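Engineer: Below is the sequence, then the predicted model.
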Amino acid sequence: MSATFVPREAVGPAASPAASAVAEAAAAGAAGGPMVSARNLTKWFKGLVAVSDVSFDVGPGVTALLGPNGAGKSTLLRMLCGLTPPDMGELRLLGRDPRHDTSVLKYVGLVPQQEAVFPRMRALDFVRLAGTLHGLDDPDAAARLALDAVEMDADDTRPVDTYSKGMRQRVKVAQALVNGPSVVMADEPLNGLDPRQRVRLIEIFQRLGAEGRCVIISSHVLDEVERFGSRVLVVAQGRLAAEGDFRGIRDLMDDRPHMIRIRSDRIRALASTLLASEIVRGATIVDEYTAQVSVTDVGLFRRSVAPAAQHVGALIAEVLPLDDDLESVFRYLVGAPGRGGST
Ligand SMILES: Nc1ncnc2c1ncn2[C@@H]1O[C@H](COP(=O)(O)OP(=O)(O)OP(=O)(O)O)[C@@H](O)[C@H]1O
Ligand SMILES: [Mg+2]
């Protein structure tokens, strides 16, 4: 398993494919070091701690920031981009502090979570405007390049509000790429996209990562993150709850106790067999046909439940995980003792 509960120690940067963006990063002062670095980052809003003591290093390639609603992903990304200051802790973008050295922001592109495109504008005008705000020499050429990178037609004359959600998301990504950034942060860019659009956008992010850019993408959907095939930082309740590759994170999540509802014509006999053979840790009979069982080894349960039913001559009408939503997974990661989440 290659995921760990964290977060006290920072880990090293990911492997580094050589590319022009790396050269830019080197020019910006991050040669050899992590491209993005957070140390004990903390942010609160009045009484609410939105981000608490988060530390990590990120290098080139795609890194996913995974967490449920309200976990602190946007606040974290906004701090990393220099948009909002941390109340405590330190951060470095390409070796510099974006609050004190704003020149580093020319190497950064942010895809915000909100719909951030002006409705009546053409994509080219919108992305060119971003290039102008960056003070680029040739914003038009840069906008065309950026739109090309996200497979959009720069000469499309339609206003962006006639675009599909996926196209608007790609325009937002193009806007973030117009300055040729070494660090790209995208806040839930796959939200609301259909599966085909999602695949296209993931491919675009993977390409940006393969070019040597540091690409950080937030998501609250575990399956989405699986597709990135990347390093994952899990944030829950403002804290870094786990980090590792996707498979390791999935294993961590599978290792927790699960509640599963089973419906069967011989539920008592089936529950007894599952308990006796230690396939389940506990069982509660809900009614004549229904039991709730708690399971620690989900793999073993999946493999064993059908043979166990066959053994007692029971028919299974339903096997339903009751707590497979991400919220309960994250609650487990943060709440379990010794899991690095408590402060
Ligand atoms: N400007 C703000 N003022 C007050 N509270 C805020 C502000 N921004 C965020 N919060 C609170 O901080 C916590 C973290 O919010 P944040 O938006 O960073 O989470 P998130 O992981 O991005 O959630 P989502 O998945 O819903 O986008 C939440 O409880 C949120 O209500
Ligand atoms: Mg958010």
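Structural biologist: Right, received. Where do you want to start? These figures come from a predicted structure and were not determined experimentally. Numbering: from 1, shown residues only. Ligands and ions are numbered 1, 2, ... in the order given.

Engineer: Every contact and neighbour count from this point should use C-alpha atoms.
Structural biologist: Fine.

Engineer: who's in contact with the residue of the chain most remote from its centre?
Structural biologist: Here the centre of the chain is the reference, and by Cα atoms, centre = their mean the most remote residue is residue 313, at 44.2 Å. Residue 313 makes contact with residue 266, according to Cα atoms under 8 Å, 6 or more residues apart in numbering.

Engineer: What of residue 288?
Structural biologist: By Cα under 8 Å, 6+ apart, the residues touching residue 288 are residue 267.

Engineer: Now do the helices in the stretch 51-200 of the chain.
Structural biologist: Applying DSSP state H, counting those that start in this stretch to the stretch 51-200 of the chain gives helices spanning 73-80, 123-133, 139-149, 165-177, 195-210.

Engineer: May I see those organised as JSON lines, with mean neighbour count added?
Structural biologist: Converted to JSON lines, these look like this (neighbours: other Cα atoms under 10 Å):
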{"stretch": "helix 73-80", "mean neighbour count": "23"}
{"stretch": "helix 123-133", "mean neighbour count": "23"}
{"stretch": "helix 139-149", "mean neighbour count": "21"}
{"stretch": "helix 165-177", "mean neighbour count": "25"}
{"stretch": "helix 195-210", "mean neighbour count": "18"}
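
Engineer: quick one, which of those helices is nearest to ligand 1?
Structural biologist: The minimum distance between ligand 1 and the helices of the stretch 51-200 of the chain falls on helix 73-80, with 3.7 Å, by Cα to the nearest ligand atom.

Engineer: so, in contact with ligand 1 or not, the closest one?
Structural biologist: Yes - residues of helix 73-80 are located near ligand 1 by Cα under 6 Å from any ligand atom, namely 73-75.

Engineer: Below-threshold pLDDT in this protein: ranges please.
Structural biologist: 1-32, 255, 324-329, 331-343 (pLDDT under 70).

Engineer: what's the domain layout of it?
Structural biologist: Domain assignment for the chain by automatic domain parsing gives 3-253, 256-335.

Engineer: hey, what's residue 262 bridged with?
Structural biologist: Under DSSP bridges, the beta-bridge partners of residue 262 are residue 291, residue 319.

Engineer: isn't it right next to residue 318, touching?
Structural biologist: Yes - using Cα atoms under 8 Å, residue 262 makes contact with residue 318 at a distance of 5.4 Å.

Engineer: Neighbour count: these two, which is higher?
Structural biologist: The residue with more neighbours, out of residue 262 and residue 318, is residue 262; 23 against 12, by other Cα atoms under 10 Å.

Engineer: Nearest spatial neighbour of residue 314, chain-adjacent residues omitted?
Structural biologist: residue 266 (5.2 Å; Cα to Cα, 6 or more residues apart in numbering).

Engineer: residues contacting the one you found?
Structural biologist: Remark: with contacts taken as Cα under 8 Å, 6+ apart, residue 266 is in contact with 289, 313-315.

Engineer: so which of these is the most crowded?
Structural biologist: residue 314 (18 neighbours).

Engineer: Quick check: phi and psi on that one?
Structural biologist: For residue 314, the backbone dihedrals (degrees, to the nearest 10) come out as phi -100, psi 150.

Engineer: Which positions in the chain make contact with ligand 1?
Structural biologist: 45, 50, 68-75.

Engineer: and the two most separated of those?
Structural biologist: Pairwise distances across the residues of the chain next to ligand 1 peak at 18.5 Å for 45 and 68 (criterion: Cα to Cα).

Engineer: who has more neighbours, those two?
Structural biologist: Each of residue 45 and residue 68 has its neighbours counted (other Cα under 10 Å); residue 68 has more, 22 against 9.

Engineer: List the residues that contact the spatially closest residue to residue 267 that is not a sequence neighbour.
Structural biologist: Nearest non-adjacent residue to residue 267, counting by Cα to Cα, 6+ apart: residue 289, 5.5 Å away. Each residue near residue 289 by Cα under 8 Å, 6+ apart is listed here: 263-267.

Engineer: Distance of residue 229 relative to residue 157?
Structural biologist: 36 Å (Cα to Cα, to the nearest Å).

Engineer: Mind checking which of those two has more residues around it?
Structural biologist: Using other Cα under 10 Å, the more surrounded residue of residue 229 and residue 157 is residue 229, with 15 against 12.

Engineer: For the nearest residue to the more buried one once chain neighbours are set aside, give me its contacts.
Structural biologist: Computed as Cα to Cα, 6+ apart, the closest residue to residue 229 that is not its neighbour in sequence is residue 246, at 6.7 Å. When contacts are counted by Cα under 8 Å, 6+ apart, residue 246 touches 3, 225-226, 229-232.
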